[in-house]
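**Q** Sequence plus the predicted model coming up.
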Amino acid sequence: LDEHKRIVKAVAGDVRKAHRAGCTFLDMLYQKRIDRCADIVLVSQGGAPKDLNLYQTQKALDNAKHAVKEGGIIILVGSCREGMGEETFEKWLLEAKKPEDLIQRIRADFRLGGHKAAAIAMVLQKAQIYLVSDLEQELVRQIFMQPFETVQAALDRAFAEKGEDATVLVMPFGGSTLPVVSENEEIN
């Protein structure tokens, strides 16, 4: 589907061949080659309605993790004005004492909703997450992210931590952009 929910491609036939053909087509649309991973990745789901809650906004993290260096910072931007967005997702995040708890939990008891909480934890194994949203700051801290009121404040803090010469990559439509490090570049 395109951004207006119109069908742009359909595949059929042998399940594996059709799936591979669909993936190849999607790669042509959404894959973006990058020379190297960045110190700081600024990512958004693309605005309303894709960022109404954290459950939806989280989708941008899944792709941003491929663009950030180990030990880097992802600045996730999304309104989240409707809160967390999904009951299991919220419960798991709030019950965890540390991100690793979420990864262990999903391995032991897969639950829809919980899988996205675990996905956040997996990103946190690689990078810090600064969240610019309408969520309460204490809630954001409780779910292992650093809250910021503005993108500029988050970016200023990221530069303070990573240095003025830190590399930055911006992904305005993070949920539909798959960064791939060029083959001749070492993955960080």
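**A** In hand now; what should we look at? Just so it is clear, the structure is predicted and the values come from calculations on it, not from any experiment.

**Q** quick one: residue 82 and residue 52 touch, right?
**A** Yes - counting by C-beta atoms under 8 Å, residue 52 is a contact partner of residue 82 at 4.7 Å. Backbone N, C-alpha and C define where each C-beta goes, glycine included.

**Q** Is the residue at minimal distance from the centre of the chain part of a helix or strand, or is it coil?
**A** The centre of the chain sits closest to residue 61, judged by C-alpha atoms, centre = their mean, with a distance of 0.5 Å. Three-state assignment for residue 61 (DSSP: H, G, I helix; E, B strand; the rest coil): helix.

**Q** one step back: and residue 82 and residue 52? Which one has more around it.
**A** More crowded of residue 82 and residue 52, by other C-beta atoms under 10 Å: residue 52, with 18 against 14.

**Q** for that one, phi and psi?
**A** phi -70, psi -30 (degrees, to the nearest 10).

**Q** Report the separation between it and residue 181.
**A** 31 Å (C-beta to C-beta, to the nearest Å).

**Q** Which residue, other than its chain neighbours, is closest to the residue nearest to the centre of the chain?
**A** Closest residue in space to residue 61, ignoring its immediate chain neighbours: residue 123 at 5.0 Å, by C-beta to C-beta, 6 or more residues apart in numbering.

**Q** what's the distance between the strand or helix carrying the one you found and the middle of its chain?
**A** Counting by DSSP states H and E, the element that carries residue 123 is helix 114-124. Put simply, helix 114-124 sits 9 Å off its chain's centre (C-alpha atoms, centre = their mean, to the nearest Å).

**Q** tell me which residues in it are buried?
**A** 114, 116-124 (16 or more other C-beta atoms under 10 Å).

**Q** Next: stretch 144-153.
**A** Residues of stretch 144-153 classed as buried: 144-148 (neighbour count, 16+ other C-beta under 10 Å).

**Q** Please apply the same query to stretch 76-84.
**A** Buried residues in stretch 76-84, counted by 16+ other C-beta under 10 Å: 76-80, 83-84.

**Q** same for the longest strand seen in the chain, what does it pack against?
**A** Counting by DSSP state E, the longest strand found in the chain is strand 68-77. In this structure, strand 68-77 makes packing contacts with strand 38-44, helix 59-64, strand 128-132, helix 151-162, judged by 3 or more C-beta pairs under 8 Å, 6 or more residues apart in numbering; DSSP states H and E.
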